[in-house]
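S.K.: Okay, sequence plus prediction incoming.
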Amino acid sequence: MTMTAQSIAVEELDLDPVDAALALYGGDARATIAAALDMLQFVRGQLALTEVAMSHGFTRGFRPGYEPD
């Protein structure tokens, strides 16, 4: 059987990411914020490592930003 885009039904959930994050920490807002900040620090570290490992030619001069535009 060949699957097409029409044959695969994807159900979109109405899931609020803030409510989902709070639910992970039992509604504790401080724990949720602390976990989000820890994850942000981790991702920033990974971005810094990636920046060092990328060659200038490979990225054609692109450098990742640490702050949103």
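M.R.: Noted; the coordinates are in hand.
S.K.: Determine the longest helix present in this protein.
M.R.: Longest helix in the chain by number of residues (criterion: DSSP state H): helix 29-53.
S.K.: Tell me the buried residues in that helix?
M.R.: Within helix 29-53, the residues that count as buried by 16 or more other C-beta atoms under 10 Å are Thr32. Placement of C-beta: from N, CA and C, glycine included.
S.K.: for it, packing partners?
M.R.: Counting contacts by 3 or more C-beta pairs under 8 Å, 6 or more residues apart in numbering; DSSP states H and E, helix 29-53 packs against helix 17-24.
S.K.: now the angle from the helix it packs on to helix 29-53?
M.R.: 110 degrees (axes from the mean of the first three to the mean of the last three C-alpha atoms, to 10 degrees).
S.K.: Mind listing residues that contact helix 17-24?
M.R.: 28-29, 32, 35-36 (C-beta atoms under 8 Å, 6 or more residues apart in numbering).
S.K.: Repeat the analysis, applying 6 Å as the threshold.
M.R.: Thr32 (C-beta atoms under 6 Å, 6 or more residues apart in numbering).
S.K.: Next, the buried residues of it.
M.R.: Buried, per 16+ other C-beta under 10 Å, within helix 17-24: Leu22.
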